[in-house]
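Trainee: My questions concern the predicted model and sequence given below.
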Amino acid sequence: MRQAIAAAIADEMAADERVVLIGEDVAEAEGVFKTSEGLLERFGPDRVRDTPISEMGFVGLAVGVAASGYRPIVEIMFGEFMGVALDQLSTQAAKMRYLSRGEFISPIVVRMSVGPGLGFGAQHSQTLESWFVNTPGLKVVEPSGAKSAYGLLRAAIRDDDPVVFLEPRILYGERENVDFSQHHEYAIGRALTVAHGSDVTVVAAGQTVPIAVAAAGTTAVSAEVIDLGSISPWDADAVAASVERTGRLVIVEANPYSGGWGAAIVAEISSRCFGNLKAPAHRITCPDIPVPYAAPLEARYVPTPESVAEQLEFLVSTGVLPEQWWKKEMR
Amino acid sequence: MTTRANSPLERRSQLREPLGRHRRMLEIRRTEDSIKELFSSGLIAGSTHTCQGQEAVSVGIASVIRSTDLVSCTYRGHGHALALGIEPVSVIAEILGRRGGTTGGVGGSMHLSSKEVGLMPTTAIIGAGIPIAAGVAWAAQLSGSEDVAIAVFGDGASNIGAFHEGINLAAVWKLPVVFICENNLYGEYSRIDSTTAVENIADRATAYGIPGVVVDGQEILAVMESVTEAVSRARRGEGPSLLEMKTYRYAGHSRSDPAMYRPAGELDQWLERDPIALHAEILIRDSRATAGELELMEAEVAASVERAVQEAQESAIAEVADMFAHIDAGMGP
């Protein structure tokens, strides 16, 4: 996936000279996750620039350069670093258009590596969708592999508004053949059905997509997996159309239960598809705890294909909501 | 809003003349007084932050920069908006939540904006405009234009992270930006010596390897001179400067603040160095105007601001559809 990200940036930089890339160690070092390989050499130090360790400063810099007509891509090395710069994104960029009657805009992509699974501990492992989805004016996009990373990132760079691009860190090394001409299949707000089935609709995003697909491949039930692609706006029509056929909805999230992005989807689809539901809508999430470090603990923290498959079977066969494992085991 | 003979850019050009600058300072003073009155009479919600006493800074800056230079500014921005050329009726209409306001009534007192005169949306977050101005300056550097960016902020902003990060970044990248601190001695309700260990905020420039200049912010000619020099330096590609304008706000922090924390007599001392009165002395000394002519000018300004208040109050209130416009590119007006 890392090469797909670099390719998407390169292709947009080649297509539009207003596109620039900034961040910590994105230029000389080509990104700590090698997501900007070859970009400094190809586009030069004016357009690919290393910044000081000053997220508030360089996200603000992006807001200013964007208001003056450029299209900055900002790399935030670990998603949590956005915490020190949130003002510039949520309070400045997301409101720039609104507070200027459209005279100043913020076509910024803020890319950040996110997610548990690699032993980075409590402060370098969250997915953080919920930091952003409650802010009108921001779009939140989350690729699930090389193909969607390439397609969605190109769409994000072309978008005229600020886009938060959450890159599941655990997927950087994953390989997938990318047909660069097919990137138009991906659009912000458009979900893709990645596995077809008839018993249950499984909605996933980012790193939970491969987990859901693996679960669907092993379970006895017929599961339809939808890769949401963007969390805000999200493709309610695609999810509703699927749930109307399957009658069941399960969300798989790599974030804590409380306030996770799936809650809004359950609420909307439960209302909209009330008459079609054969079982209560169910969310498979992480527990409401910080991400633990020790490998066996972190492995338990994130939903696994096995646990997802098990819960899908239980929900489909009984119509009863599966109990969260931590409630069952930690009593 | 009816079409006016005095467009914002024409108003801007009036600042080329000393009498035009004097008139603008009077206009800011009178507009701020009117806004305070409107608040007191319950016609405006929320909060407002007026700048009586600081007029020489805003008018001084606007007199010497170009209309293509972008300004990022704090919520104490009415004076800067007027100085840059926005008409009083547009500022007052915005504060009254009217469609004819600079932001169509969705912004309010703290959010004035006009690309035509180079004012970015004024921000209600202390210090936020500092890195944004650095970004505007980066755009000028990238495109090779000779434009500069101006960041206007208060003394309180000098203790927030954005100040350090934005100025350091601008200094390292040699960006064409001028950081202008309006030091009015109080950050919200706290006196500067209780929050800041250095006497002069300009001294902090040393830490970033850029020029730092303390300026008498009550003397418009001193403001103009210092901004001219810093802007020229930035246009020559020599990087940013930090200017500290020593000034004073006659009113409290916001409309709910009677400023009882100020020592007795302090306000009176500053009133003796009122920027409008100081400039009047110079105009009379240089025979550009007589005291009687300046009194007449003051009366004219008061009458025109009165008309602007009237017109703004009679103008259309923002409509429900207006608050759904300009959220993102898919939602037009």
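Mentor: Here it is on my side, so go on.
Trainee: ranges for the helices of the stretch 1-150 of chain B?
Mentor: For the stretch 1-150 of chain B, applying DSSP state H, counting those that start in this stretch gives helices covering B:8-13, B:18-40, B:55-64, B:78-84, B:88-95, B:129-143.
Trainee: in chain A, what residue is nearest chain B?
Mentor: A:G64 (2.1 Å; Cβ to the nearest Cβ). Where you see a C-beta, it was placed from the backbone N, CA and C, and this is true even at glycine.
Trainee: Quickly find the element holding that residue.
Mentor: A:G64 belongs to helix A:55-67 when assigned by DSSP states H and E.
Trainee: Please state the offset of that helix from the chain centre?
Mentor: The chain centroid and the centroid of helix A:55-67 are separated by 22 Å, computed with Cα atoms, centre = their mean, to the nearest Å.
Trainee: Beyond it, next helix or strand please.
Mentor: The helix or strand immediately downstream of helix A:55-67 is strand A:71-78, counting by DSSP H and E.
Trainee: C-terminal to that next one, what's the next element?
Mentor: The first helix or strand that comes after strand A:71-78 along the chain, using DSSP H and E, is helix A:86.
Trainee: which residues make contact with that following helix from outside it?
Mentor: A:W131 (Cβ atoms under 8 Å, 6 or more residues apart in numbering or on different chains).
Trainee: What lies in contact with the helix or strand following that helix?
Mentor: Note on helix A:86: by DSSP H and E, the next helix or strand toward the C-terminus is helix A:94-96. For helix A:94-96, contacts defined as Cβ under 8 Å, 6+ apart pick out A:V63, A:A67, A:F104, A:I105, A:S106, A:T135, A:P136, A:G137, A:L138, A:P162, B:P121.
Trainee: now do stretch B:203-211
Mentor: So stretch B:203-211 is contacted by B:158, B:167-168, B:170-171, B:198, B:212-213, B:230, B:233, B:239-242 (Cβ under 8 Å, 6+ apart).
Trainee: Around the nearest residue to A:G137 once chain neighbours are set aside, how many other residues sit close by?
Mentor: Distances taken as Cβ to Cβ, 6 or more residues apart in numbering or on different chains place A:A94 nearest to A:G137, at 3.3 Å, with adjacent residues excluded. By the criterion of other Cβ atoms under 10 Å in any protein chain shown, A:A94 has 24 neighbours.
Trainee: For the contacts of stretch B:203-211, work out which two are farthest apart.
Mentor: B:V198 and B:R233 (22.9 Å; Cβ to Cβ).
Trainee: which of these two has more neighbours?
Mentor: Taking other Cβ under 10 Å, B:V198 and B:R233 do not tie; B:R233 has more neighbours (18 against 13).
Trainee: Are the helix or strand encompassing the more buried one and chain A in contact anywhere?
Mentor: If you go by DSSP H and E, B:R233 is part of helix B:220-235. No - residues of helix B:220-235 contacting chain A under Cβ under 8 Å from any Cβ of the partner chain: none, with a closest distance of 14.4 Å.
Trainee: what's the nearest residue to the residue in the stretch 151-300 of chain B that chain A sits nearest to if we skip its chain neighbours?
Mentor: Per Cβ to the nearest Cβ, B:E165 is where the stretch 151-300 of chain B lies closest to chain A, at 2.9 Å. Distance criterion Cβ to Cβ, 6+ apart; nearest residue to B:E165, sequence neighbours excluded, is A:G57 at 2.9 Å.
Trainee: again, but for A:L61
Mentor: Excluding the flanking residues, the one nearest A:L61 by Cβ to Cβ, 6+ apart is B:G135, at 3.9 Å.
Trainee: Test my guess that that neighbour contacts A:G60.
Mentor: Yes - between B:G135 and A:G60 there is a contact under Cβ atoms under 8 Å: 6.3 Å.
Trainee: Can you check what pLDDT the model gives the residue nearest to the spatial centre of chain A?
Mentor: By Cα atoms, centre = their mean, chain A has its centre lying nearest to A:E142, at 2.0 Å. With respect to pLDDT, A:E142 scores 98.
Trainee: dump the residue contacts of it.
Mentor: A:E142 sits next to A:114, A:127, A:129, A:165-168, A:205-206, A:228-231 when contact means Cβ under 8 Å, 6+ apart.
Trainee: give me that answer again for 10 Å
Mentor: Applying Cβ atoms under 10 Å, 6 or more residues apart in numbering or on different chains to A:E142 gives the contacts A:114-115, A:127, A:129, A:148-149, A:152, A:164-168, A:204-209, A:227-232, A:254, A:261.
Trainee: B:T103 now?
Mentor: Listed by Cβ under 10 Å, 6+ apart, the contact partners of B:T103 are A:98-101, A:103, B:90, B:93-94, B:97, B:111-114, B:121-122, B:318, B:322, B:326.
Trainee: go on, A:V110?
Mentor: Each residue near A:V110 by Cβ under 10 Å, 6+ apart is listed here: A:23, A:55, A:59, A:62, A:72-76, A:79, A:82, A:85, A:88-89, A:93, A:132, A:138, A:156, A:162-166.
Trainee: On the three-state scheme, it is what?
Mentor: Of the three states, A:V110 takes strand under DSSP: H, G, I helix; E, B strand; the rest coil.
Trainee: Quickly list what it is bridged to.
Mentor: A:V74, A:V164 (DSSP bridges).
Trainee: Run a quick neighbour tally on B:T228.
Mentor: Residues lying near B:T228 (other Cβ under 10 Å) number 15.
Trainee: the strands in the stretch 151-300 of chain A, which residues?
Mentor: Taking DSSP state E, counting those that start in this stretch to define them, one finds strands in the stretch 151-300 of chain A at A:163-168, A:192-195, A:200-204, A:223-227, A:230-232, A:249-256, A:282-286.
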